[in-house]
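A.B. asks: Model the following, please.
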Amino acid sequence: MNEIIRINEETYRIEDEGVRFFLLTGKEKALMIDSGMNTSNAKELVKELTDLPIELLNTHADRDHISGNGEFEKFYMSPDEEENYRQANGQGQIIPIKENDVIDLGERRLKIIDNPGHTPGSVAILDEKYRALIGGDAIQSGTIFMFGKFRNIERYVESLKHIKEYINEFDVIYPSHGSFPVYPEIIDKLIEGANTIINKEAEGKTVEMHGHEVIRYEFPYAGFFCDK
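C.D. replies: Down below sits the predicted model:
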């Protein structure tokens with residue numbers, strides 16, 4: 001059962017059993033950011049919130065972010081994410097997005113920031129009007145998946161450093177998992193934690209995740225699942 005929560009007069013979050021996606025509205029159109037894990041009718045669901053035409057953008061293509069993509073013939077996504085998306089049986093036409101592209105909803109500009117590492121084509125979205133960063137899975141207080149074919153923890157750290165170049169342009173972060181919201185100071189903490197893993201200074205515990213043995217690292221602010 002989805003829970004719809006209004007963030008402000010033009011923004012909603014939809015909670016979908018451990019993951020969340022978003023609806024942003026402007027004067028001319030609306031944008032759904034991700035489409036959930038168990039919500040094949042995501043577009044129909046958010047139509048109850050707006051009469052504007054609705055487009056879709058995916059922060060990345062992990063299966064818990066694309067369940068409602070089938071309702072859209074085309075959608076915004078980084079082309080670097082296509083292999084991940086098609087491997088998850090994703091259908092439809094990808095409209096490529098890249099660093100510094102802007103999607104204007106009508107008096108509401110959304111700037112794309114490349115954010116690879118969690119997946120090759122992960123992006124963050126800077127909502128200039130509300131000074132909010134929608135960070136996908138990369139910036140959160142939950143447990144960040146960094147195991148398997150598409151993950152690169154060194155690249156993840158570099159991406160977080162790149163996000164910091166925009167630190168004066170946002171006050172709050174809307175994550176896809178974990179507590180809501182989080183704030184910019186978590187970025188330095190995530191960099192520090194990931195670096196201790198890279199430098200083999202962190203202690204982890206072997207656990208099973210989706211049929212794989214992985215190492216779970218827990219920090220006071222977030223956690224990571226990494227390859228053994």
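
A.B. asks: Which positions within stretch 117-125 qualify as buried?
C.D. replies: Along stretch 117-125, these residues count as buried under the neighbour rule (16 or more other C-beta atoms under 10 Å): 117, 118, 119, 120, 121, 122, 123, 124, 125. For every residue, glycine as well, the C-beta is placed using N, CA and C.

A.B. asks: Tell me which of those fall in strands.
C.D. replies: 123, 124, 125 (DSSP state E).

A.B. asks: contacting residues for the nearest residue to the last one once chain neighbours are set aside?
C.D. replies: The one in question is residue 125. In space, and not counting its chain neighbours, residue 125 is closest to residue 134: 4.3 Å by C-beta to C-beta, 6 or more residues apart in numbering. By C-beta atoms under 8 Å, 6 or more residues apart in numbering, the residues touching residue 134 are 22, 33, 59, 124, 125, 127, 173, 174.

A.B. asks: Okay, and which of those map to strands?
C.D. replies: Per DSSP E, the contacts of residue 134 map to strands at 22, 33, 124, 125, 127, 173, 174.

A.B. asks: can I assume residue 61 is in contact with residue 119?
C.D. replies: Yes - assessed by C-beta atoms under 8 Å, residue 61 is found in contact with residue 119 at 6.7 Å.

A.B. asks: Name all residues that make contact with residue 74.
C.D. replies: By C-beta under 8 Å, 6+ apart, residue 74 lies in contact with 92, 93, 94, 95.

A.B. asks: list the contacts for the residue nearest the centre of the chain?
C.D. replies: The chain has residue 136 as the residue nearest its centroid, 1.3 Å off, counting by C-alpha atoms, centre = their mean. Neighbouring residues of residue 136 by C-beta under 8 Å, 6+ apart: 34, 59, 60, 65, 115, 118, 122, 123, 124, 175, 176.

A.B. asks: Can you report phi and psi for the first one?
C.D. replies: Yep, that's residue 34 we're talking about. Per-residue torsions, residue 34: phi 70, psi 170 (degrees, to the nearest 10).

A.B. asks: what do you get for the fourth one?
C.D. replies: Comment: the main-chain dihedrals of residue 65 come out as phi -120, psi 0, following degrees, to the nearest 10.

A.B. asks: Skipping adjacent residues, who's closest to it in space?
C.D. replies: Nearest residue to residue 65 in three dimensions, chain neighbours excluded: residue 34, at 4.3 Å (C-beta to C-beta, 6+ apart).

A.B. asks: picking that back up, and for residue 61 and residue 119, which residues touch both?
C.D. replies: Any residue near both residue 61 and residue 119 by C-beta under 8 Å, 6+ apart counts here, and that gives 81, 84.

A.B. asks: In the biggest helix by length in the chain, which of the residues would be classed as buried?
C.D. replies: Ranked by residue count under DSSP state H, the longest helix found in the chain is helix 185-198. Going by neighbour count (16+ other C-beta under 10 Å), the buried part of helix 185-198 is 186, 187, 189, 190, 191, 193, 194, 197.

A.B. asks: cool, and stretch 81-100?
C.D. replies: Residues 81, 82, 84, 85, 90, 92, 94, 97 are the ones in stretch 81-100 that count as buried (16+ other C-beta under 10 Å).
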